[in-house]
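Peer 1: No letters, just coordinates:
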């Protein structure tokens, strides 16, 4: 009987182990949440855009193929991170953000319906509560991604952010969804999240001029991911987000590679 | 008795589950394997270096703090990735490398003793076999990191790569450890690895002029990580590597953020 108990015990161990022992990323799929950098990449109307110049490309004198390029960009364009210092003095620069804050359980809250009829829609406390009524309280230390359905317009600047005009004139015409300052306040005061991402050019909506959502989140050292891609392809929860920015010393942000691992059911 | 068996079975499940259910990255520590980008960052003598220029920094007219910068860099400098296209026509550009190839079980092979006495040391097939005699065959689909002990010299260019001279004169004086082409041939022919990283400026050693190791690995679409940091702080195996490059369309490489998760014993 003792032996039988041990066998049952071992069966339990084995069945559970067989489900997990292959490693964290063996059963499921990777999803790239990053738009690539090219001359098409969407930037703020007043920002420097992405440039890639050729150093060499082709077969060289020694007889082998070789290619290399130089690049330049504003920190804040394409799929990128806003470090807290971007809008709040004394908070984390991009190289100071702890790695642990950039990797974690992901949650998607969808407001694509709301944003379809109002391209200046502001993600609200009620949107969070509606998600929680269905899924339970936002998991502690999650990375929150907001799906406004805007990725489908990328890289058509007019459709994506309301304008393809450059300069201050362009800024006046910006129209895209963002996060209402009251929702930002709720997230820092009533919940615990590691970071927040959105599939539009900015955490604050297109009509914002004071960028209060940035200030509220960044005061609490919560970084933001902007122009995130493919959020609409993610489930609402149960996946892992990995968001690693270029490590610019003293940077206020920078190019971000963000991916998700969605386990197989 | 039946109930007892079920209880034993459940105990097995619970004990194993309690060990893993907290998620893949809860018990252990993150290690950043990335040097930051600044005016100190080490580049190839003929490459454009990193530049960061200020767009704005301080309190603006609206009364809140704001900072933003522009950056420029060669793709191949600092902690960066070499995409296979860098030295082999028709192979992956940096945006084409599958995410799955950039994340996986890490292995460190140390040759810091050899590299101390010979700063042009070439990592050999024998170094791989010596590791395997101790730890068993290189795990399939691992990410191999080579510890030449060079990180300690960063960012002192003379100590790190033999010269602080710029231009073609500098190239002639390069001295740092790399991977022997025969070891590269062994890795693509006899083993299966996802990617290979090294804590020096190049996969080929400082004295190389034909960069054969690059060509061998890249023909097989194995990307390389260069100027990797903190490899000496890693255990020899049993950790996870995550290496996410900037997603440059058609890029031959680019800034890389590379981190490792080392589980707690």
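Peer 2: Cool, got the structure. Every value quoted in this text rests on a predicted model; they were computed, and no experiment measured them. Residues are numbered from 1 along each chain as shown, chains lettered A, B, ... in the order given.

Peer 1: Strands of chain A, residue ranges please.
Peer 2: Taking DSSP state E as the criterion, chain A carries its strands at A:28-32, A:51-59, A:65-74, A:80-82, A:103-110, A:122-123, A:142-147, A:178-179, A:193-198, A:224-226, A:237-245, A:253-263.

Peer 1: Of all those, which one is nearest residue B:239?
Peer 2: Of all the strands of chain A, it is strand A:103-110 that lies closest to residue B:239, at 14.2 Å by CB to CB. For glycine as for every other residue, the C-beta is placed from the backbone atoms N, C-alpha and C.

Peer 1: Distance from that closest one to the middle of the chain?
Peer 2: The gap between the average C-alpha position of strand A:103-110 and the chain average comes to 9 Å, counting by CA atoms, centre = their mean, to the nearest Å.

Peer 1: Mind listing the strands it pairs with, and their directions?
Peer 2: Neighbouring strands of strand A:103-110 in its sheet, by DSSP bridges, are strand A:142-147 (parallel), strand A:237-245 (antiparallel).

Peer 1: Give me the residues contacting it.
Peer 2: Strand A:103-110 has contacts (CB atoms under 8 Å, 6 or more residues apart in numbering or on different chains) with A:123, A:127-128, A:131, A:135, A:138-139, A:141-147, A:149, A:194-195, A:231-232, A:234-237, A:239-243, A:260, B:23, B:25, B:30, B:242.

Peer 1: For PyMOL, write the select line for the buried members of those.
Peer 2: To isolate the buried members of those in PyMOL, using 16 or more other CB atoms under 10 Å in any protein chain shown:
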select buried, (chain A and resi 123+127+128+131+138+139+141+142+143+144+145+146+147+149+194+195+231+234+237+239+240+241+242+243+260) or (chain B and resi 25+30+242)
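
Peer 1: which ones are touching the closest residue to residue A:211 other than its chain neighbours?
Peer 2: Distance criterion CB to CB, 6 or more residues apart in numbering or on different chains; nearest residue to residue A:211, sequence neighbours excluded, is residue A:204 at 4.8 Å. By CB under 8 Å, 6+ apart, the contact set of residue A:204 is A:178-179, A:181, A:211-214.

Peer 1: tally of neighbours for the residue nearest to residue A:38 when sequence neighbours are not counted?
Peer 2: Spatial nearest neighbour of residue A:38, excluding adjacent residues (CB to CB, 6+ apart): residue B:249 at 3.9 Å. By the measure other CB atoms under 10 Å in any protein chain shown, the count of residues near residue B:249 is 17.

Peer 1: What of the one 4 residues further on?
Peer 2: Number of residues near residue B:253 (other CB under 10 Å) recorded here: 28.

Peer 1: Give me the phi and psi angles of the nearest residue to it once chain neighbours are set aside.
Peer 2: Once flanking residues are discounted, residue B:253 sits nearest to residue B:75: 4.4 Å by CB to CB, 6+ apart. Backbone torsions of residue B:75, given as degrees, to the nearest 10, read phi -60, psi -30.

Peer 1: I figured residue B:75 hits residue B:250, correct?
Peer 2: No. Look at residue B:75 against residue B:250 with CB atoms under 8 Å: they stay out of range, at 10.8 Å.

Peer 1: Spell out which residues of the stretch 151-265 of chain A are next to chain B.
Peer 2: By the rule CB under 8 Å from any CB of the partner chain, the part of the stretch 151-265 of chain A lying against chain B is A:209-211, A:215, A:240, A:242, A:244-255, A:257, A:259.

Peer 1: Okay, and the beta partners of residue A:103?
Peer 2: Taking DSSP bridges as the rule, residue A:103 bridges to residue A:242.

Peer 1: what do you get for the one 4 residues further on?
Peer 2: With DSSP bridges applied, residue A:107 shows beta-bridge pairing to residue A:144, residue A:237.

Peer 1: what's the distance between it and chain B?
Peer 2: 14 Å (CB to the nearest CB, to the nearest Å).

Peer 1: Next one: that residue, what pLDDT does it get?
Peer 2: pLDDT, residue A:107: 98.

Peer 1: ok, now residue A:25?
Peer 2: At residue A:25, pLDDT is 85.

Peer 1: can you check residue A:14 too?
Peer 2: For residue A:14, the model assigns a pLDDT of 53.

Peer 1: re the thing from before, so which of the contacts of residue A:204 comes closest to chain B?
Peer 2: Of all those, chain B sits closest to residue A:211, with 7.4 Å by CB to the nearest CB.

Peer 1: you'd agree the closest one is up against residue B:64?
Peer 2: Yes. Proximity of residue A:211 to residue B:64 meets the contact threshold set by CB under 8 Å, at 7.4 Å.

Peer 1: Between the two, tell me which one has more neighbours.
Peer 2: Set residue A:211 next to residue B:64 and count neighbours by other CB under 10 Å: residue A:211 wins out with 19 against 15.

Peer 1: tell me the contacts of the more buried one?
Peer 2: Neighbouring residues of residue A:211 by CB under 8 Å, 6+ apart: A:87, A:202-204, B:64.

Peer 1: which one of the residues you listed is nearest residue B:173?
Peer 2: Nearest to residue B:173 out of the contacts of residue A:211 is residue A:87 (CB to CB; 45.4 Å).

Peer 1: What count of nearby residues applies to residue A:152?
Peer 2: Neighbour count for residue A:152, taken as other CB under 10 Å: 11.

Peer 1: List the residues that contact it.
Peer 2: Each residue near residue A:152 by CB under 8 Å, 6+ apart is listed here: residue A:232.

Peer 1: any idea how far it is from residue A:30?
Peer 2: Distance of residue A:152 to residue A:30, computed by CB to CB, to the nearest Å: 21 Å.

Peer 1: what's the answer for residue A:254, then?
Peer 2: 22 Å.

Peer 1: what does residue A:177 give?
Peer 2: Distance of residue A:177 to residue A:30, computed by CB to CB: 26 Å.

Peer 1: Repeat that for residue A:58.
Peer 2: To residue A:30, residue A:58 is 33 Å away according to CB to CB.

Peer 1: Residue A:39 too?
Peer 2: For residue A:39, the distance to residue A:30 equals 27 Å [CB to CB].

Peer 1: Report how many residues lie close to the nearest residue to residue A:171 once chain neighbours are set aside.
Peer 2: In space, and not counting its chain neighbours, residue A:171 is closest to residue A:45: 5.2 Å by CB to CB, 6+ apart. Residue A:45 has 19 neighbouring residues, counting by other CB under 10 Å.

Peer 1: Next one, pLDDT for residue A:45 please.
Peer 2: As predicted, residue A:45 sits at a pLDDT of 98.

Peer 1: got it, and residue A:92?
Peer 2: Residue A:92 is assigned a pLDDT of 98 by the prediction.

Peer 1: so who does it touch?
Peer 2: Residue A:92 makes contact with A:83-85, A:221, A:223, according to CB under 8 Å, 6+ apart.

Peer 1: Could you give the bridge partners of residue A:258?
Peer 2: residue A:243.

Peer 1: re the thing from before, settle this for me: the residue nearest to residue A:38 is touching residue B:83, isn't it.
Peer 2: No. In this structure, residue B:249 is not within contact of residue B:83 by CB under 8 Å, at 11.6 Å.

Peer 1: anything in contact with each of those two?
Peer 2: residue B:93.

Peer 1: give me the number of residues near residue A:103?
Peer 2: So residue A:103, with other CB under 10 Å, has 23 neighbours.

Peer 1: mind checking which helix or strand of chain A has the lowest mean pLDDT?
Peer 2: helix A:2-20 (a mean of 55; mean pLDDT, DSSP states H and E).

Peer 1: coming back round to it: so can I have CSV of the strands paired with strand A:103-110 showing distance to residue B:157?
Peer 2: Compiled in CSV, the strands paired with strand A:103-110 are given as follows (distance: least, CB to CB, whole Å):
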stretch, distance to residue B:157
strand A:142-147, 38
strand A:237-245, 26
